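[1] Need a 3D model of the sequence below.
(chains A and B)
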Amino acid sequence: DTGVSQDPRHKITKRGQNVTFRCDPISEHNRLYWYRQTLGQGPEFLTYFQNEAQLEKSRLLSDRFSAERPKGSFSTLEIQRTEQGDSAMYLCASSPGIAGERSEQYFGPGTRLTVT
Amino acid sequence: KNQVEQSPQSLIILEGKNCTLQCNYTVSPFSNLRWYKQDTGRGPVSLTIMTFSENTKSNGRYTATLDADTKQSSLHITASQLSDSASYICVVSFSGGYNKLIFGAGTRLAVHP
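    Okay, the predicted model is just below:
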């Protein structure tokens, strides 16, 4: 257990429905990341927060996706009008905002989304 | 294009044997290289982090090497155990900014008794 929690762990939804995932990072970490991982592939970057500010979004994050981190603590990732191609594991990671690039990212267990 | 490629895609070994996993990358500007272990259905867990000036880093039975000139890395697992069965992902970080990571597709290792 890395200290990063995600909820729910599994979500099955019908195409066209909206879903929302939650991530609780390690409490003193001010950086938070969302990734998407499909079967047999490594995680792909979706978006990054420094405290409550969303500083970068991947082109993978279409306008159906929105992420928030309202108080700089937990974060939510919402997918509207889900499509079968959205089926994947959604991973959250957090890291301390220390100087330098060796800052370790601690991953949560992921939310597995299945769109039927 | 910034890419991380790993080989082999999958590997089966017998318990107690050693194995070596390979990683080639084209990420630039390079900051550091990491190896993660990911159990099925779980998030990745860091094994090692190396900057360009480090060419070897060990973590128990795991030893990672880095050749920044040829942009290659390897992860050597000694005296494998059944619990080593997992995916091993090579990850390269960009220099500067917020520590953006580029992930390889992973090597799926199965250790059989």
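[2] and the nearest residue to B:K71 once chain neighbours are set aside, how many neighbours does it have?
    In this structure, B:K71 finds its nearest non-sequential neighbour in B:Y25, 5.2 Å apart by CB to CB, 6 or more residues apart in numbering or on different chains. Quick note: C-beta positions are derived from backbone N, CA and C, even for glycine. B:Y25: 22 surrounding residues under other CB atoms under 10 Å in any protein chain shown.
[3] Please apply the same query to A:S66.
    Close neighbours of A:S66, defined as other CB under 10 Å, add up to 15.
[4] Find the residue closest to it in space, skipping its chain neighbours.
    A:E78 (5.0 Å).
[5] what sits opposite the one you found in the beta ladder?
    According to DSSP bridges, the partner residues bridging A:E78 are A:T20, A:S66.
[6] so it sits right up against A:Q17, yeah?
    No: with contact defined as CB atoms under 8 Å, A:E78 does not reach A:Q17; the gap is 11.4 Å.
[7] And the strands in chain A?
    Secondary structure of chain A by DSSP state E: the strands cover A:5-7, A:10-13, A:19-24, A:31-37, A:44-50, A:53-57, A:65-68, A:75-79, A:88-95, A:106-107, A:111-115.
[8] could I get those as CSV with mean pLDDT?
    Below are these laid out as CSV (pLDDT from 0 to 100):
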stretch, mean pLDDT
strand A:5-7, 97
strand A:10-13, 98
strand A:19-24, 98
strand A:31-37, 95
strand A:44-50, 93
strand A:53-57, 90
strand A:65-68, 96
strand A:75-79, 97
strand A:88-95, 95
strand A:106-107, 94
strand A:111-115, 97
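[9] quick one, phi/psi of B:L101?
    phi -110, psi 140 (degrees, to the nearest 10).
[10] how near is it to B:S74?
    According to CB to CB, to the nearest Å, B:L101 stands 19 Å off from B:S74.
[11] near chain B, which residues of chain A show up?
    With CB under 8 Å from any CB of the partner chain as the criterion, chain A meets chain B at residues A:2, A:4, A:31, A:40-45, A:48, A:50, A:55-56, A:91, A:93, A:95, A:101-110, A:112.
[12] Of these, grab the buried ones for ChimeraX.
    Typed into ChimeraX, the line below selects the buried ones among these, using 16 or more other CB atoms under 10 Å in any protein chain shown:
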select /A:2,4,31,42,43,44,45,48,91,93,95,101,103,105,106,107,108,109,110,112
